[in-house]
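Q: Got a sequence here, can you model it:
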Amino acid sequence: MEHTREPTREQITGLLLAGGRGMRMGGADKGLQTLHGEPLASHVLKRLAPQTGALLISANRHGDTYTALGAPFGAQVIADTLPDFPGPLAGLLAGLRASRSEFVLSAPCDTPWLPVDLAARLAQAIGTADIATATTSDASGNVSLHPVFALLRTRLADDLAAFLHAGERKVRAWYARHKTVEVSFTDERAFYNVNSLQELADLERHRGPG
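A: Predicted coordinates for the structure are as follows:
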């Protein structure tokens, strides 16, 4: 029977997902777009690094730039093993394969205010589950799932590889194959992701959560 001890920081590898096409930004590399003088990826790394042991950056372009950004955090840059930018699951697979720890904590590169207690809250909830992921609720009680903010067991790599090789791409569909717990966070702004250059310009004028 599997133990239910809460994973420690050293048992969790952080995974910054920065491997997308950036289509809604005109093909720009999202993680390298600047906010308040720093690349978005740097904002995320600063919040992710204190929560995990080792750090990985999933990037399919500008590897040298990401290597430089990750250097202060000891982060290793990895790339998808599948061609044609098949989506966040490909980045997750690369992270699960590269991780030397039991768990991977994933976060996208365009969420500069991700929760500083993301790892702690998900680790506390995962128990014997395979995946713990974040949700928020609005004032009306409508629940939003934030699937790429997740704590996953690295042993899921083979199953994810088979799922992708079958042509599947949807994160929620893969999660549904496994025991998954959802963890409610109160601050929806912490999961705000930058989807366009206009949104980025708006953030330049209005600072977000501290």
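Q: Compute the first-to-last residue distance for stretch 17-28.
A: The first and final residues of stretch 17-28 sit 15 Å from each other (CA to CA, to the nearest Å).
Q: so for it, what's the average pLDDT?
A: Regarding stretch 17-28, the rounded mean pLDDT is 65.
Q: got a list of what L55 touches?
A: 13-16, 45, 48-49, 70, 73-76 (CB atoms under 8 Å, 6 or more residues apart in numbering). From N, CA and C alone the C-beta is placed, and that goes for glycine too.
Q: now do 10 Å
A: Residues in contact with L55 (CB atoms under 10 Å, 6 or more residues apart in numbering) are 13-16, 45, 48-49, 70, 73-77, 105.
Q: tell me which residues of the lowest-mean-pLDDT helix or strand in the chain are tucked away?
A: Using mean pLDDT, DSSP states H and E, the weakest-scoring helix or strand in the chain turns out to be helix 197-205, at a mean of 77. In terms of neighbour count (16 or more other CB atoms under 10 Å), helix 197-205 has its buried residues at 200, 203.
Q: got it, and stretch 176-190?
A: 180, 182-183, 185, 190.
Q: Return the alpha-carbon coordinates of that stretch using PDB.
A: C-alpha atoms of stretch 176-190 as PDB (Å, rounded to 0.1, in the frame of the first residue of the first chain):
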ATOM      1  CA  ALA A 176      -9.200  11.700 -16.100                       C
ATOM      2  CA  ARG A 177      -7.300   8.500 -16.600                       C
ATOM      3  CA  HIS A 178      -5.700   8.900 -13.200                       C
ATOM      4  CA  LYS A 179      -6.700   9.500  -9.600                       C
ATOM      5  CA  THR A 180      -6.700  13.300  -9.400                       C
ATOM      6  CA  VAL A 181      -7.500  15.700  -6.500                       C
ATOM      7  CA  GLU A 182      -8.500  19.300  -7.000                       C
ATOM      8  CA  VAL A 183      -7.300  21.900  -4.500                       C
ATOM      9  CA  SER A 184      -9.200  25.200  -4.100                       C
ATOM     10  CA  PHE A 185      -7.300  28.400  -4.000                       C
ATOM     11  CA  THR A 186      -8.900  31.700  -2.900                       C
ATOM     12  CA  ASP A 187      -7.100  34.200  -5.100                       C
ATOM     13  CA  GLU A 188      -8.000  33.800  -8.700                       C
ATOM     14  CA  ARG A 189      -5.700  36.600  -9.700                       C
ATOM     15  CA  ALA A 190      -2.700  34.500  -8.700                       C
END
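Q: gap between F185 and D117?
A: 9 Å (CB to CB, to the nearest Å).
Q: Then Q124?
A: 9 Å.
Q: for P72, same thing?
A: Taken as CB to CB, the span from P72 to D117 is 22 Å.
Q: Kind regards, and thank you for your time.
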